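Asks: got a predicted model here, sequence first, then my questions.
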2 protein chains.
Amino acid sequence: MKDKKKLAIVLVSGGLDSCVTAALADQEYELAFLHVNYGQRTATRELKAFEDIAKHYNVKRRLLADSSYLKTIGGSSLVDVTIPIEKSNISTIHIPSTYVPFRNTHLIAIATSWAETIKAQAIFIGAVEQDGSGYPDCRQKYFQIFEQLIEEGTRPETHISLITPIIELRKSAIIRKALELNAPLHLTWSCYQESREACGLCESCLLRLRGFNEAGVEDPITYCKR
Amino acid sequence: MKDKKKLAIVLVSGGLDSCVTAALADQEYELAFLHVNYGQRTATRELKAFEDIAKHYNVKRRLLADSSYLKTIGGSSLVDVTIPIEKSNISTIHIPSTYVPFRNTHLIAIATSWAETIKAQAIFIGAVEQDGSGYPDCRQKYFQIFEQLIEEGTRPETHISLITPIIELRKSAIIRKALELNAPLHLTWSCYQESREACGLCESCLLRLRGFNEAGVEDPITYCKR
């Protein structure tokens, strides 16, 4: 049951996972949406997806934060256009070139500073461990330690739960959850490469397409290279 | 003994504590300096102090990062000019209005992303617990948890030590350490309020002046309101 007295910040990139996470948070909390531009290749397209999803859930409290120093730091194909993005490698176990060093820490730090200021009780993030991209900052243990860090590094009266509601789900289960909750998947954007139609070839598109395939439903967005 | 193969990132605000921390790091490591503008009142003056200290130590690798979304978030008199900065309250135990929610997490996150990219083995931060400002993100336990977070949230081959060399020192001991190491204290800036001559009245000035007084030496910088 939704309790208007409980406020949650949802990290909304504009992708499928964050959209489902917003749908889950919406069941219990008043929502505030945070979107971070860290100089990623498809920033403008992701921002549109963020705005569309925020509008869908009628979210008034929105924060756009710019941490594009991550682009200056580099070290990832996601923010450095001189590093090529590999095509489909989702079957191998390694850390892909799209890994932005320690990125989630920046996102959750911003969410925490905002949560402490507006007195939100929870932060939702749509990280996926098992069926995800293999990023080290998407693992359950990482988030457990981060929750301790929040408890230790904020005012004594501040208590914020860091909630990762889909971390254990496979992509197909996430998609089924989305359909169950009527999450607006047609508004989401997952592609790392393109900005008009999704490429269908990068690891993010491949993970998404595999999920829809396993769930036995059609992806509502359009792909250009298939 | 300085080992040119060991690289450390030092968080240099431009204040006295970060200057001494740089002097300590300089004894063992090749240095890289990070300065973060988070929309603090005296940002321009602090940046000048940063540049002066970097020049003094002949540091070529410098990163300036802008996380001024912290000003947008607000909640602190340090970034919000509508919240007054209290005068001297260093004898009372409370969290002052200058506390920027969870600020150090942003600073160390930037340092970690940079460290992982340029393969630095250590991050130095001049936080002070006992004789500091009472900020929750300046406590030893906070940094211990952060070091675990770095270990868990970065690539398996990345190992970064988070070093807080002055965390247990009183301000007077920090000043004595600075004199011992010939740290350029005349180049540092601590005041929260003014940008030409230090105010001598804000908590940061008071802590600094009390330290010099206890150490029995003269502060080399000029104060306007004394």
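Replies: Sure thing, it's come through.

Asks: right, and the helix or strand after the helix or strand that contains residue A:5?
Replies: Element membership for residue A:5 (DSSP states H and E) is strand A:3-11. Counting by DSSP H and E, the next helix or strand C-terminal to strand A:3-11 is helix A:16-26.

Asks: any idea of the angle that following helix forms with strand A:3-11?
Replies: 170 degrees (axes from the mean of the first three to the mean of the last three Cα atoms, to 10 degrees).

Asks: circling back to that earlier point, hmm, the strand holding residue A:5 in reach of chain B?
Replies: No: applying Cβ under 8 Å from any Cβ of the partner chain, one finds strand A:3-11 out of contact with chain B, separated by at least 11.0 Å. Using the backbone N, CA and C atoms, a C-beta is placed for each residue, glycine as well.

Asks: name the residues of that strand that are buried.
Replies: By neighbour count with 16 or more other Cβ atoms under 10 Å in any protein chain shown, strand A:3-11 contains the buried residues A:7, A:8, A:9, A:10, A:11.

Asks: what's it packed up against?
Replies: Helices and strands touching strand A:3-11, by 3 or more Cβ pairs under 8 Å, 6 or more residues apart in numbering or on different chains; DSSP states H and E, are helix A:16-26, strand A:29-37, helix A:103-118, strand A:122-124.

Asks: would TSV of the ones you listed with mean pLDDT and distance to residue B:49 be doable?
Replies: Formatted as TSV, those follow (pLDDT from 0 to 100; distance: least, Cβ to Cβ, whole Å):
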stretch	mean pLDDT	distance to residue B:49
helix A:16-26	97	40
strand A:29-37	97	29
helix A:103-118	96	24
strand A:122-124	98	34
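
Asks: how about a markdown table for these, with mean neighbour count added?
Replies: Output for the helices and strands packed on strand A:3-11, formatted as a markdown table (neighbours: other Cβ atoms under 10 Å in any protein chain shown):
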| stretch | mean neighbour count |
| --- | --- |
| helix A:16-26 | 26 |
| strand A:29-37 | 22 |
| helix A:103-118 | 25 |
| strand A:122-124 | 24 |
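
Asks: so for chain B, which of the ones you listed sits nearest?
Replies: Evaluated over the helices and strands packed on strand A:3-11, closeness to chain B peaks at helix A:103-118, with 3.6 Å, by Cβ to the nearest Cβ.

Asks: looking at the helices and strands packed on strand A:3-11, which is nearest to residue B:195?
Replies: helix A:103-118 (24.6 Å; Cβ to Cβ).

Asks: ok so, going back, list the neighbouring strands of the strand holding residue A:5 plus their orientation.
Replies: The pairing partners recorded for strand A:3-11 under DSSP bridges are strand A:29-37 (parallel), strand A:122-124 (parallel).

Asks: what's the average pLDDT for that strand?
Replies: Across strand A:3-11, pLDDT averages out at 87.

Asks: re the thing from before, nearest to chain B among the buried residues of strand A:3-11?
Replies: Nearest member of the buried residues of strand A:3-11 to chain B, counting by Cβ to the nearest Cβ, is residue A:9, at 11.0 Å.

Asks: low-confidence stretches in chain A?
Replies: Along chain A, segments meeting pLDDT under 70 span A:1-4, A:87-93, A:131-132, A:225-226.

Asks: the most far-flung residue of it relative to its centre: what secondary structure?
Replies: Farthest-out residue of chain A from its mean C-alpha position, per Cα atoms, centre = their mean: residue A:156, at 28.7 Å. Under DSSP: H, G, I helix; E, B strand; the rest coil, residue A:156 falls in the coil class.

Asks: check contacts around the residue lying closest to it once chain neighbours are set aside.
Replies: Leaving aside its sequence neighbours, residue A:156 sits nearest to residue B:136 (Cβ to Cβ, 6 or more residues apart in numbering or on different chains; 7.3 Å). Listed by Cβ atoms under 8 Å, 6 or more residues apart in numbering or on different chains, the contact set of residue B:136 reads A:152, A:153, A:154, A:155, A:156, B:95, B:99, B:142.

Asks: of the residues you listed, grab the buried ones for PyMOL.
Replies: Buried subset of the contacts of residue B:136, written as a PyMOL selection, criterion 16+ other Cβ under 10 Å:
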select buried, (chain A and resi 152+153+154) or (chain B and resi 99+142)
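
Asks: tell me the spacing between residue A:175 and residue A:56.
Replies: 17 Å (Cβ to Cβ, to the nearest Å).

Asks: of these two, who's got more company?
Replies: A side-by-side neighbour count of residue A:175 and residue A:56, using other Cβ atoms under 10 Å in any protein chain shown, places residue A:175 first with 24 against 17.

Asks: so what touches the helix or strand containing the more buried one?
Replies: Using DSSP H and E, residue A:175 falls within helix A:171-180. Counting by Cβ under 8 Å, 6+ apart, helix A:171-180 makes contact with A:16-17, A:19-20, A:23-24, A:128, A:131, A:166, A:169, A:183, A:185, A:207-208, A:210-215, A:217, all of which sit outside it.

Asks: out of those residues, which touch chain B?
Replies: Of the contacts of helix A:171-180, not one also sits near chain B (Cβ under 8 Å from any Cβ).

Asks: out of those residues, which end up buried?
Replies: A:16-17, A:19-20, A:23-24, A:128, A:131, A:166, A:169, A:183, A:185, A:207-208, A:210-212, A:215.

Asks: now the closest residue to residue A:147 other than its chain neighbours: which helix or strand?
Replies: Among residues not flanking residue A:147 along the chain, residue A:162 sits closest, at 4.4 Å (Cβ to Cβ, 6+ apart). Applying DSSP H and E as the criterion places residue A:162 in strand A:161-163.
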